[in-house]
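Student: The following block contains a protein sequence and its predicted model.
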Amino acid sequence: MNSNNVPLLEIHGVGKSFPGVKALSNVDFSIRAGEIHALCGENGAGKSTMMKILSGIYTPDSGEIIFEGKAVTINKPDVASKLGIAIIHQELNLVDELSVAENIFLGDYPQKMKGVVDWPKMRREAKKILDYMGFDIDVDKPVGTMGIARQQVVEIAKAIHRKAKVIIFDEPTAPLPVQDVERLIELIIKLKNEGNGIVYISHRLPEVFRIADRVTVLKDGQVVSTNSVEGLTRDELVKMMVGRDVLKMRLGNQTDYKRKILSVRNLNTPSLLKDIDFDLYEREVLGIAGLVGSGRTELVRAIFGADYYTGEIEVDGNKVTIRCPKDAIKQGIALLPEDRKAQALVLGMSAMENITIAGFSNFSKFGIIEKGKELEDAKQLVKKLQVRVSEPFQETRTLSGGNQQKLIIARWLYKNSKILIFDEPTRGIDVGAKEEIYRLMNEFVTQGGSIIMISSELPEVLMTDRVLIMSGGKIEKELFHEECSEENVIQYMI
């Protein structure tokens, strides 16, 4: 850490309320030059509210903000930007139709004379920034044509161009494949070593312990503790976040590999998958590991009928033809996709509607909807899965990631699915909510269901009964729970 321990940015006694909710109460926080300060807490703890105050989106009701030793009022985003505070949101603030260079210089284009943009200079300066960051990206390429990892680099380049001194990263690695996570972490460490103050918000605790100097835990809008990461254990940090010890979880407990629920033979897809053979057993949680591009998601999309395949699929010993998701659903197969917001939920619908949307026949007769039964069924599932909603009609977009995931689980339970396929089941979900998702998965298999689970988080994959390791569109290795270790899995992934 930089020897200069004078904070770049401090907040003292900050409070913020919304109608009926005390989002922050008497919060103290600071960030020093040359420091990575992690901010942890469950969803709803107040992290986002605090960052929106620092970036000028919200104005605090009480307390003060001090930047480089002077009290400041940050009441608009451009005030924060001029001070040197930048935030890299989960949902990036880029214009898809504009080029990389135009996005980096957005609102601050270099000019030859008033009203005339100096395009060559802008391209040169944009390339210089990207070279400094260590990324070879075409500055003329439209941002909308690039993947999320490159878009994130452009967002960080904007902050560097504006000479930001404090950069806030909000769940920066959540949408990234493993390969890109490593490059991003290297870049963040480089920014720290250049003297920037980094605020790092993440549910991924291994990253916090790897790169952070200090960590502050928020719970219910209040600071629980600020500690040096050195000497702190994961269990201590988790207990601060959730207010209790979190159980060491095991997914499934299969010991009797007799009854096959799903059999896949010689499955191929035109572009990637080659000769895939595997079985899924009753009451089993089967993990699938592999790098992005290995074929994990392509495999489960084929089984769900979302992608074309050749080969044979059997469900309960019977050969089935699955050419579209409707065919899979009829066979009791359900997919909880990687991007739940874009591919599974209708965010403008209520929690109730997202639960019942696939089970129309459960609450209708002769095409007539029984709204009372729909509401009662939804209420029962909300209670059973402990979905935190103020009422069943609450809009889905207002729920936390963990509660949104529970809605999708509730939907497929309502449809009486017997095979649940989870693609990144806990992405963007806090520690406490993860435990609840795991509990629901275990309850499902205990009651006779079976699960296939893809995860980029190796500790999560290692919790399963059995792991299939994929690489280059093939299954490279099968490991049973007792054989699994990170080293064993990684050697077959790469």
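Tutor: Nice, I can see it.
Student: Report the buried residues of stretch 215-228.
Tutor: By neighbour count on 16 or more other CB atoms under 10 Å, the buried set for stretch 215-228 is 215-219, 221-224, 227. Every C-beta, even on glycine, is put in place using the N, C-alpha and C of the backbone.
Student: Put together CSV for the residues you listed, with pLDDT, secondary structure and distance to Val242 on each row.
Tutor: Listed next are the buried residues of stretch 215-228 as CSV, based on pLDDT from 0 to 100; DSSP: H, G, I helix; E, B strand; the rest coil; distance: CB to CB, whole Å:
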residue, pLDDT, secondary structure, distance to Val242
Val215, 96, strand, 15
Thr216, 96, strand, 16
Val217, 94, strand, 10
Leu218, 93, strand, 12
Lys219, 88, strand, 8
Gly221, 90, coil, 15
Gln222, 93, strand, 14
Val223, 94, strand, 16
Val224, 93, strand, 10
Asn227, 94, strand, 16
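Student: Quick check: of the residues you listed, which lies closest to Pro110?
Tutor: Relative to Pro110, the closest of these is Thr216; by CB to CB it sits at 38.6 Å.
Student: Surely that closest one touches Gln222?
Tutor: No - contact criterion CB atoms under 8 Å: Thr216 and Gln222 do not qualify, at 10.9 Å.
Student: what number of residues lie near the residue lying closest to Glu486 once chain neighbours are set aside?
Tutor: Nearest residue to Glu486, sequence neighbours excluded (CB to CB, 6 or more residues apart in numbering): Leu458, at 5.1 Å. The number of residues packed near Leu458 is 19, by other CB atoms under 10 Å.
Student: Hmm, Leu291 and Leu458 touching each other?
Tutor: No - the criterion here is CB under 8 Å, and Leu458 misses it with Leu291 at 11.2 Å.
Student: So what are the sheet partners of the helix-or-strand element of the chain with minimal mean pLDDT and their directions?
Tutor: Lowest by mean pLDDT, DSSP states H and E among the helices and strands of the chain is strand 364-365, with a mean of 76. Each strand paired with strand 364-365, and its direction, by DSSP bridges: strand 368-369 (antiparallel).
Student: C-terminal to the strand it pairs with, what's the next element?
Tutor: helix 371-384 (DSSP states H and E).
Student: List the buried residues in that following helix.
Tutor: Buried, per 16+ other CB under 10 Å, within helix 371-384: 374, 377-378, 381-382.
Student: Would you mind writing the CA trace of it as PDB?
Tutor: Provided in PDB are the C-alpha atoms of helix 371-384 (Å, rounded to 0.1, in the frame of the first residue of the first chain):
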ATOM      1  CA  LYS A 371     -57.200 -15.500 -10.700                       C
ATOM      2  CA  GLY A 372     -57.900 -16.500  -7.100                       C
ATOM      3  CA  LYS A 373     -56.300 -19.900  -7.500                       C
ATOM      4  CA  GLU A 374     -53.300 -18.300  -9.400                       C
ATOM      5  CA  LEU A 375     -52.700 -15.900  -6.500                       C
ATOM      6  CA  GLU A 376     -53.100 -18.700  -3.800                       C
ATOM      7  CA  ASP A 377     -50.700 -21.000  -5.700                       C
ATOM      8  CA  ALA A 378     -48.100 -18.200  -6.000                       C
ATOM      9  CA  LYS A 379     -48.500 -17.300  -2.300                       C
ATOM     10  CA  GLN A 380     -47.800 -20.900  -1.300                       C
ATOM     11  CA  LEU A 381     -44.600 -21.100  -3.400                       C
ATOM     12  CA  VAL A 382     -43.400 -17.600  -2.200                       C
ATOM     13  CA  LYS A 383     -43.800 -18.900   1.400                       C
ATOM     14  CA  LYS A 384     -42.200 -22.300   0.700                       C
END
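Student: tell me what the helix or strand following it is packed against?
Tutor: Sequence order places helix 401-414 as the next helix or strand after helix 371-384, per DSSP H and E. Other helices and strands packing on helix 401-414, by 3 or more CB pairs under 8 Å, 6 or more residues apart in numbering; DSSP states H and E, are strand 333-336, helix 340-343, helix 351-356, helix 371-384, helix 431-446.
Student: if you set the cut-off to 10 Å instead, what comes out?
Tutor: strand 333-336, helix 340-343, helix 351-356, helix 371-384, strand 419-423, helix 431-446 (3 or more CB pairs under 10 Å, 6 or more residues apart in numbering; DSSP states H and E).
Student: returning to that earlier point: shared neighbours, Thr216 and Gln222?
Tutor: Common neighbours of Thr216 and Gln222 are listed as 27, 41 (criterion: CB atoms under 10 Å, 6 or more residues apart in numbering).
Student: Got the phi and psi for the residue nearest the centre of the chain?
Tutor: Geometric centre of the chain, nearest residue: Gly428, 2.8 Å, by CA atoms, centre = their mean. The phi and psi values for Gly428, taken as degrees, to the nearest 10, are phi 70, psi 20.
Student: what about it, distance to Asn403?
Tutor: Look at Gly428 and Asn403: by CB to CB, to the nearest Å, they are 12 Å apart.
Student: returning to what we had before: which one of the buried residues of helix 371-384 is nearest to Tyr308?
Tutor: Leu381 (33.4 Å).
Student: wait, doesn't that closest one sit right on Leu407?
Tutor: Yes - when contacts are counted by CB atoms under 10 Å, Leu381 is listed as touching Leu407 (8.8 Å).
Student: Report the set of residues contacting both of the two.
Tutor: Joint contacts of Leu381 and Leu407 (CB under 10 Å, 6+ apart) are 351-352, 355, 387.
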